[in-house]
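Q: requesting a structural model of the entry that follows:
(chains A and B)
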Amino acid sequence: MAVENRDPAVHLDRGFWLVTALLAVLSALAVYATIMWHPENMPQLPEAAIPADQVDQLFKFLTASAAVIFIYVVGYLVYFAIAFRVRASDPPDAVGVQIHDHHQLELWWTIIPTVFTIVLAIFSVKIWAGVQFASPNNGLVVEAIGHQWFDDFRYPGVHGIVTDEMHLPLGVPVTLHVTSSDVIHSFWLPSMRIKADMIPGMINTLRFTPTRAGTYPIICTEFCGTLHGTMNKQVVVIEPQANFDKWLAGWKGKNKNASDAIPVAGTGTVNLTGGDAAAGQKIFAQKCSACHAVGPFSQKIVGPGLKGVLHDPAHPKLVNGEAANPEDAAKILQKGYDGDMGHMPNASQNGISDKDIANLVAYLNSLK
Amino acid sequence: MAVAAAPTHGGGVADHIHPEPHSFIRRYIFSIDHKIIGIQYIVTAFLFMVMGGLLAELIRVQLMNHSGTFVKPDTFNELYSIHGSTMVWLVIIPLLTGGFGNFVFPLQIGARDVAFPWLNMLSFWIFPVAGLMLYSSFLMGAPVAGWTEYPPMSLLGGPGTSMWAAAIFLIGVSSTLTGINFLVTILKMRAPGMTFTRMPLFVWGQLATAPLLMIATTALGAALAALFIERQFGVPFFDPTRGGSPVLWQHMFWFYSHPAVYIMILPAFGMISEIFPTFARKPIFGYKMIAFSTVAIALLSFMVWAHHMFTSGMAPFLQLPFMILTMFIAIPTGIKIFSWVATLWGGKIHLTTSMMFAIGFIATFTFGGLTGVYLSAVPFDLHAHGTYFIVAHLHYVLVGGSLMAIFAGMYFWYPKMSGRIMNEFWGKVHFWLFFIGFNATFIPMHWLGLLGMPRRVAVYDPQFQFWNQFASISSFVMTAGILVFFINAIVSLRTGKKAGANPWGARTLEWQISSPPPYYNFKKVPAVLAAPYDFAEPLPYRGLEGELDPNVPAPVAAGH
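A: Next comes the predicted model:
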């Protein structure tokens, strides 16, 4: 068509058509493999909620199309680089076919990607609408609050916060509001294929419906400080509803007297008598050892090393310039710490009881 | 003093040529010669690449083990924050704009220098100072929140975070000045007869990049100034507990950093568009479409920034225009890729190291571009955002894209800069180590991300350990390739084969003068008769040095 005069005619030889056919076969195999691939059967990544299957449909559509494009681009690239390489028999000033453009070809490789992009956009908008609106907002409303470096949950009818896992009944639409008490975190449910950033001062909302019973990870994907990599919790999808109600009733009882304000510090004094150092050691391993080493003060992970904290006179004076005593240690465990050595969560954020504090103090006292 | 080279639109008569400086300092240190400044940029940026690469390897050593005991978590966070900042602002952007831009495009348009040579010197000297400031933040507690430094984390980071902000601000000033300088040079100083449609495509790449440098970088400067003021003087722009908005930072940062993605790829596209026709001995296929798509990508780059923020919480319907506009970037990008592949068809292809890197670029950049299309789709992005899938994607476009093109450009223009050709055997060793090492490092990361590995973590789930070890070991192979490159570049300075003016048989103007070019580039500015890619035609230039022309005045030893 609009080939310029100085350009020779385009002649595609048999090798070109052979390669084109070979790439077509490879593309067909790639598309077939993509269609046959069932992410719901993958142990690491089951489809556990209503938008998940749709997101996977989009992923498969993208992968099939990308595979075809990639196979053709790289296939022709490698074939041309080999087939048209300069030969020893060519004169040193040999030149290639002096063709500048081919308007029809260029028109096609503008139109086809444009059509593909429009199809992809329509498909994506459809699935986007599914993710945004598929789950009605008349189901269970849960709130998740991010902290450095854990999540807390609030449930309707439960005072205070639920500190262990997020439990959800199977098949009930969930409206999940997320926010943060300190820095930006992100709340990712890989098995549900959804995520929202937890931003202080803002509430973001996720809507989904759990469709598969089981325990799935909750992962923080926005950098949030020293222990970002350890900020994981779990969501437990329960069936039948009665079991979920039982779990919820348990928390209702446990938190009967809890304040609905987000707790910031404990009150009252802890009875330290009868603390068990062995039990304290276990709690230390679970709750403290991420930030504190059992070593000299200078052995800092996030907080200082705690060996000899209640005995070594050389240990820096933690409390009002005085050496710490067991009551001081209990107070820090209870109220948390905010100061020049950093930030330590309080007892309710850490999920430790008064009994745990007594055991921990006994354990710290045993470190000489 | 700061007088630019001759006006060149009046028939190419050179009326004023600066005398060549003879003192070492004026010639090689505080030089106003765009070629020396370009080489200064390239050398400095490669030195910073050694630092950034070292940080990358420390990161990979830490991730060899899922419980990551090599360095403490806070140190690890400093490592990747400075790694990212180095590679973006001290390596890739300076190499592609200040480095190759400075050295190559004024020669290609037949200019004697850029429009503002003293401004050019200032742009360069800001860069190493800012780089040293960035690294000095290690001494005072480096930033930890990654190269994006989202508040409130960046408000809590060590004192070095303010130093980081100041350093990147200065780099931004340098970039903005370079953008102004290049834009004026391309618009006003082309040789007579060099119309827009006769410009080499590398010049088109720089022409589209210059406005991005000027406009987008100012948004980053404002964000960094606000962050600095908030950290040092307590004015709450971003702190939510005092009425600030942390999301405001994200908008300002990405309003710069998405166009910055194209600052880091449009000049690379230009390089590929020079290297492909030269080694295929064929005109570039679809010149006008490649030039047009370059401009289209530059325009679109300002309209898509919020696709980095789909999980940050915006009005849901606002996600749609950002998603759809992002997808449309695939169209001009596709046109370029198809045109390059078509350029190879029917060629007489010389598989030099430069050409192999250019071909490798197409493969890896296509891969990275396609995962970019995945991420543009909001529902998929809500799964993949903030995971290793992002790490894989961004390294495919920045390393598999920009850095591969930079290597192709180094092998291509090194003879013009030094007068000698880099060793081809070691060049190919470099290519294969780098290409295999790179793909083996970053391909598994896509999968790790989809399965649940978040980015920026010092420790991770044990189930991901195998592929992390695989990636770490592969990254050592890639680094070995880069070491081969550095040694080759240094050794070839002395032992490389003499290049002559035009070792590759290329047709753009820079190859028609000696290697390295004379101080004033062109004794007489040549006239340009056609686009530079017709390999079967005589060269489309008239009045090149060497042709006798009584109208050429001898260089004037002007009395300043």
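
Q: for chain A, which helix or strand comes out least confident on mean pLDDT?
A: Ranked by mean pLDDT, DSSP states H and E, the weakest helix or strand in chain A is strand A:337-339, scoring a mean of 67.

Q: count of neighbours near A:L77?
A: 19 (other C-beta atoms under 10 Å in any protein chain shown). Any C-beta I mention is one placed from the backbone N, CA and C, and that applies to glycine too.

Q: contacting residues around it?
A: By C-beta atoms under 8 Å, 6 or more residues apart in numbering or on different chains, the contact set of A:L77 is B:341, B:344, B:359, B:362-363.

Q: just these that are near chain A?
A: Subset of those in contact with chain A: B:341, B:344, B:359, B:362-363, counting by C-beta under 8 Å from any C-beta of the partner chain.

Q: so which of those residues are in helices?
A: B:341, B:344, B:359, B:362-363 (DSSP state H).

Q: JSON lines please, covering the contacts of A:L77 and showing neighbour count, pLDDT and distance to B:L139.
A: Below are these laid out as JSON lines (neighbours: other C-beta atoms under 10 Å in any protein chain shown; pLDDT from 0 to 100; distance: C-beta to C-beta, whole Å):
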{"residue": "B:V341", "neighbour count": "24", "pLDDT": "96", "distance to B:L139": "49"}
{"residue": "B:L344", "neighbour count": "28", "pLDDT": "95", "distance to B:L139": "50"}
{"residue": "B:I359", "neighbour count": "27", "pLDDT": "97", "distance to B:L139": "43"}
{"residue": "B:I362", "neighbour count": "24", "pLDDT": "97", "distance to B:L139": "42"}
{"residue": "B:A363", "neighbour count": "18", "pLDDT": "97", "distance to B:L139": "41"}
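
Q: pick the one among those closest to chain A.
A: B:L344 (3.7 Å; C-beta to the nearest C-beta).

Q: secondary structure class for the closest residue to that closest one other than its chain neighbours?
A: Excluding its sequence neighbours, the residue lying closest to B:L344 (C-beta to C-beta, 6 or more residues apart in numbering or on different chains) is A:F80, at 3.7 Å. Secondary structure, DSSP: H, G, I helix; E, B strand; the rest coil: A:F80 is helix.

Q: so what's A:F80 up against?
A: B:341, B:344-345, B:347, B:349 are the contacts of A:F80 under C-beta under 8 Å, 6+ apart.

Q: what's the answer for A:N255, then?
A: A:158-162.

Q: out of these, who's nearest A:T114?
A: Using C-beta to C-beta, the shortest approach to A:T114 within those belongs to A:V162, at 50.4 Å.

Q: so the closest one touches A:R154, yeah?
A: Yes: using C-beta atoms under 8 Å, A:V162 is in contact with A:R154, at 6.8 Å.

Q: higher neighbour count, these two?
A: A:V162 (22 against 18).

Q: so which strand or helix has the nearest residue to the more buried one once chain neighbours are set aside?
A: Closest residue in space to A:V162, ignoring its immediate chain neighbours: A:F153 at 4.4 Å, by C-beta to C-beta, 6+ apart. In the assignment (DSSP states H and E), A:F153 maps to strand A:150-154.

Q: output the contacting helices and strands for whatever helix or strand comes next after that strand.
A: Following strand A:150-154 in sequence order, the next helix or strand is strand A:166-169 (DSSP H and E). Counting contacts by 3 or more C-beta pairs under 8 Å, 6 or more residues apart in numbering or on different chains; DSSP states H and E, strand A:166-169 packs against strand A:140-147, strand A:232-238, helix A:241-254.

Q: so which of those is nearest chain B?
A: Among those, the nearest to chain B by C-beta to the nearest C-beta is strand A:232-238 (8.0 Å).

Q: could you pull out the helices for the stretch 201-350 of chain B?
A: Counting by DSSP state H, counting those that start in this stretch, the stretch 201-350 of chain B has helices at residues B:201-233, B:246-263, B:266-280, B:287-300, B:316-328, B:330-344.

Q: again with chain A
A: Counting by DSSP H, the helices of chain A are A:14-36, A:50-83, A:103-133, A:241-254, A:277-283, A:326-335, A:347-350, A:354-366.

Q: tabulate those (CSV), appending mean pLDDT and distance to B:L539.
A: Below are the helices of chain A laid out as CSV (pLDDT from 0 to 100; distance: least, C-beta to C-beta, whole Å):
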stretch, mean pLDDT, distance to B:L539
helix A:14-36, 95, 32
helix A:50-83, 94, 26
helix A:103-133, 92, 27
helix A:241-254, 92, 80
helix A:277-283, 87, 81
helix A:326-335, 81, 80
helix A:347-350, 73, 74
helix A:354-366, 87, 83
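
Q: CSV for those, including distance to B:P152?
A: Formatted as CSV, the helices of chain A follow (distance: least, C-beta to C-beta, whole Å):
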stretch, distance to B:P152
helix A:14-36, 41
helix A:50-83, 30
helix A:103-133, 28
helix A:241-254, 30
helix A:277-283, 30
helix A:326-335, 22
helix A:347-350, 18
helix A:354-366, 30
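
Q: for the strand holding A:F153, output the C-alpha coordinates as CSV.
A: Extracted C-alpha coordinates of strand A:150-154, given in CSV (Å, rounded to 0.1, in the frame of the first residue of the first chain):
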residue,chain,number,x,y,z
PHE,A,150,0.6,-6.4,65.0
ASP,A,151,-3.1,-6.1,64.2
ASP,A,152,-6.0,-5.8,66.6
PHE,A,153,-9.6,-6.4,65.8
ARG,A,154,-12.9,-5.0,67.0
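
Q: who are the packing partners of it?
A: strand A:140-147.

Q: now do the contacts for A:F61.
A: A:120, A:123.

Q: and if we set it to 7 Å?
A: Contacts for A:F61 (C-beta atoms under 7 Å, 6 or more residues apart in numbering or on different chains) come out as A:F123.

Q: related to what we said a few turns ago, and of the helices and strands packed on strand A:166-169, who's closest to A:Q44?
A: strand A:232-238 (14.2 Å).

Q: using PDB, list the CA coordinates for the closest one.
A: C-alpha atoms of strand A:232-238 as PDB (Å, rounded to 0.1, in the frame of the first residue of the first chain):
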ATOM      1  CA  ASN A 232       1.600 -11.400  60.400                       C
ATOM      2  CA  LYS A 233      -1.600 -12.600  61.800                       C
ATOM      3  CA  GLN A 234      -4.200 -15.100  60.800                       C
ATOM      4  CA  VAL A 235      -7.800 -15.100  59.700                       C
ATOM      5  CA  VAL A 236      -9.800 -18.200  60.600                       C
ATOM      6  CA  VAL A 237     -12.900 -18.900  58.500                       C
ATOM      7  CA  ILE A 238     -15.300 -21.000  60.600                       C
END
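
Q: in space, what's closest to B:G496 - neighbours in sequence excluded?
A: Sequence neighbours aside, B:R420 is the residue nearest to B:G496 in space, at 3.2 Å (criterion: C-beta to C-beta, 6+ apart).

Q: spit out the contact partners of the residue nearest to A:V162.
A: Per C-beta under 7 Å, 6+ apart, neighbours of A:F153: A:142-144, A:161-162, A:166.

Q: what do you get if the cut-off is 8 Å, keeping everything else the same?
A: A:142-145, A:161-163, A:166.

Q: so what's it bridging to?
A: A:A144, A:V162 (DSSP bridges).

Q: for the contacts of A:F80, which two are the farthest from each other?
A: It's B:V341 and B:I349 that sit farthest apart of these, by C-beta to C-beta, at 12.2 Å.

Q: if we can go back for a sec, relative to A:I219, which of the helices of chain A is closest?
A: Nearest to A:I219, of these and by C-beta to C-beta, is helix A:50-83 at 15.1 Å.

Q: buried residues of that closest one, list them for me.
A: For helix A:50-83, burial by neighbour count (16 or more other C-beta atoms under 10 Å in any protein chain shown) applies to A:50-52, A:54-77, A:79-81, A:83.

Q: quick one: the residue nearest to B:L248 when sequence neighbours are not counted and A:R212, what's the gap?
A: Distances taken as C-beta to C-beta, 6+ apart put B:F238 closest to B:L248, at 6.3 Å, once the chain neighbours are dropped. In this view, B:F238 and A:R212 are 40 Å apart by C-beta to C-beta, to the nearest Å.
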